[in-house]
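In: got a predicted structure plus its sequence, pasted below:
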Amino acid sequence: MKKNHLYHISSKKEAMKKHCLSLLTLALVATGTVSSLSGQVRIYQEPFTLPTYRVMEPEIMPNWDVRRYPYPMLDRITNEKYNRTYRALWVENEYVKTLVLPEIGGRLHGAQDKTNGYQFLYDQKVIKPGLIGLTGAWISGGVEWNFPDGRHGMYPKGYGVRIRR
């Protein structure tokens, strides 16, 4: 079988690990931990509640499209809004505070300049998907994994996060 992708990741678990590490690295760089001027860095988890529009379970039979498989097609969205509490991962120093939401694909959801309160990475105030992603439901705002295919999707399985000292 001919491969249509230039880049191939051997397993979903490996892809999820790489994705989570890349977004955490981006959050750490955004908070200045790579530079010597960063000072003390704090990483912690807290509940974070956002109004969220429900996405129904995908069809059981997957779409065998080469670009999409093994991800299910999430094309059944609703107008039902509820308040959902996410496990938020905060990474901050004295200058920058970033928010990562592991449960919606490890999205870097927002970043704020603490010196002047400017939100330089816009964070959506509601999670409302549209049917424009490669796998259907997709939300705007923040930074997400979308390489090598753009608009990867909204709900790959959530990533586990563990903070160690």
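Out: Good, I have the coordinates.
In: in this structure, which strand is the longest?
Out: Assignment by DSSP state E gives strand 77-92 as the longest strand of the chain.
In: on contacts alone, who are the packing partners of the following helix or strand past that strand?
Out: As assigned by DSSP states H and E, the chain's next helix or strand after strand 77-92 is strand 96-101. Strand 96-101 is packed against helix 12-30, strand 77-92, strand 107-113, with contacts defined by 3 or more C-beta pairs under 8 Å, 6 or more residues apart in numbering; DSSP states H and E. In this view, the C-beta of every residue, glycine as well, is placed from N, C-alpha and C.
In: least confident of those, on average?
Out: Of all these, helix 12-30 carries the lowest average pLDDT, namely a mean of 59.
In: returning to what we had before: and the longest strand of the chain, which residues are buried?
Out: 77, 86-92 (16 or more other C-beta atoms under 10 Å).
In: helix, strand, or coil at residue 117?
Out: Secondary structure for residue 117, judged by DSSP: H, G, I helix; E, B strand; the rest coil, is coil.
In: could you check the angle the longest strand of the chain makes with strand 107-113?
Out: Here strand 77-92 runs at an angle of 50 degrees relative to strand 107-113 (axes from the mean of the first three to the mean of the last three C-alpha atoms, to 10 degrees).
In: got the contact list for stretch 40-54?
Out: 28, 31, 33, 77-94, 99, 101, 124-129, 161, 163 (C-beta atoms under 8 Å, 6 or more residues apart in numbering).
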